[in-house]
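Chemist: Model the following, please.
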Amino acid sequence: MSKVYVIQDQLRKDKTSGKLVSKFDLKDAERYGTIEFLLGPGARPFSPEHVIAQLERKLKSYTPEDWLLLIGNPCLIGFAVAVASVVARGRVRLLQWDGMAGEYRPIHAKLPTELSDEDLEILAAGR
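Modeler: Presented below is the predicted three-dimensional model:
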């Protein structure tokens, strides 16, 4: 079965109980696979080496059949997509919330795994 890797656990304080609870209802994402959180709510991008090492450990078994649910700090999301892309040779699948439909929508992407010198020259010329 596929896994849904949630980049960062997000919490909020429940008004009734005062306890910390999940900020988002991930029930719909469960139809894509088993939910696994990569990083806790306290993770910060200011020590990238530590965070990236943690992501590498948790994503070492990531496959092109798994999903990334992009919730959390934007820098941490970028790190996680980069690590997953390396592990899966550029093939990543993402889940994007569609508020109008009230469900997650799949996005399939093939990211480059390396750029040729010619590609780098073209990119540099576009500056």
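Chemist: State the distance spanning the first to the last residue of stretch 96-110.
Modeler: For stretch 96-110, the first-to-last residue distance is 16 Å (CA to CA, to the nearest Å).
Chemist: how far out from the middle of the chain is the longest helix seen in the chain?
Modeler: Counting residues, the longest helix in the chain under DSSP state H turns out to be helix 74-87. Remark: helix 74-87 is offset 6 Å from the chain centroid, using CA atoms, centre = their mean, to the nearest Å.
Chemist: My read is that residue 107 contacts residue 97, right?
Modeler: No. Look at residue 107 against residue 97 with CB atoms under 8 Å: they stay out of range, at 11.2 Å. The way it works is simple: take the backbone N, C-alpha and C, and place the C-beta from them, glycine included.
Chemist: picking that back up, which neighbouring elements make contact with the longest helix of the chain?
Modeler: Applying 3 or more CB pairs under 8 Å, 6 or more residues apart in numbering; DSSP states H and E, one finds that helix 74-87 contacts strand 3-8, strand 34-39, helix 48-58, strand 67-69, strand 91-98.
Chemist: If you rank every helix and strand of the protein by mean pLDDT, what lands last?
Modeler: Lowest on mean pLDDT, DSSP states H and E among the helices and strands of the chain sits helix 117-125, with a mean of 80.
Chemist: Return the distance of that one from the chain's centre.
Modeler: 28 Å.
Chemist: And the contacts of stretch 56-69?
Modeler: 2-7, 26, 29, 32-33, 35-36, 38, 80-81, 83-84, 87-89, 91-95, 104, 106 (CB atoms under 8 Å, 6 or more residues apart in numbering).
Chemist: Can you flag the buried ones in those residues?
Modeler: Buried by 16 or more other CB atoms under 10 Å: 3-7, 26, 29, 32-33, 38, 80-81, 83-84, 87-88, 91-95, 104, out of those.
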